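**Student:** please work out how this folds:
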Amino acid sequence: DYRQLNKGNARLDFILEPFGRNTAAAVAAAALHVSQLYGDEAQLLVLP
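**Tutor:** Below is the predicted model of the structure:
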């Protein structure tokens, strides 16, 4: 349950792969999502 990670009430978005198969596609989808929500200067942490 990822809600436990947000003790400071920051806005957090999690995009998870249902199966660990194609990490590059998942990272690209996450980057597009972050860019659309927060702009091109947003930071993205990827932990494959």
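
**Student:** what about this structure, any weak spots by pLDDT?
**Tutor:** Within the chain, the stretches with pLDDT under 70 are 1-3.

**Student:** at 90 instead, please
**Tutor:** Applying pLDDT under 90 to the chain flags the ranges 1-27, 29-30, 40, 43-48.

**Student:** ranges for the helices of it?
**Tutor:** For the chain, applying DSSP state H gives helices covering 23-38.

**Student:** do you know how far the residue nearest to residue 46 when sequence neighbours are not counted is from residue 5?
**Tutor:** In this structure, residue 46 finds its nearest non-sequential neighbour in residue 27, 5.4 Å apart by CB to CB, 6 or more residues apart in numbering. No exception for glycine: its C-beta is placed from N, CA and C like everyone else's. Distance, residue 27 to residue 5, using CB to CB, to the nearest Å: 19 Å.

**Student:** more crowded one of these two?
**Tutor:** A count of neighbours by other CB atoms under 10 Å puts residue 27 above the other of residue 27 and residue 5, at 15 against 10.

**Student:** please name the nearest non-neighbouring residue to residue 26.
**Tutor:** residue 17 (4.7 Å).

**Student:** now do residue 37
**Tutor:** Spatial nearest neighbour of residue 37, chain neighbours left out: residue 13 (7.2 Å); criterion: CB to CB, 6+ apart.

**Student:** all set, thanks.
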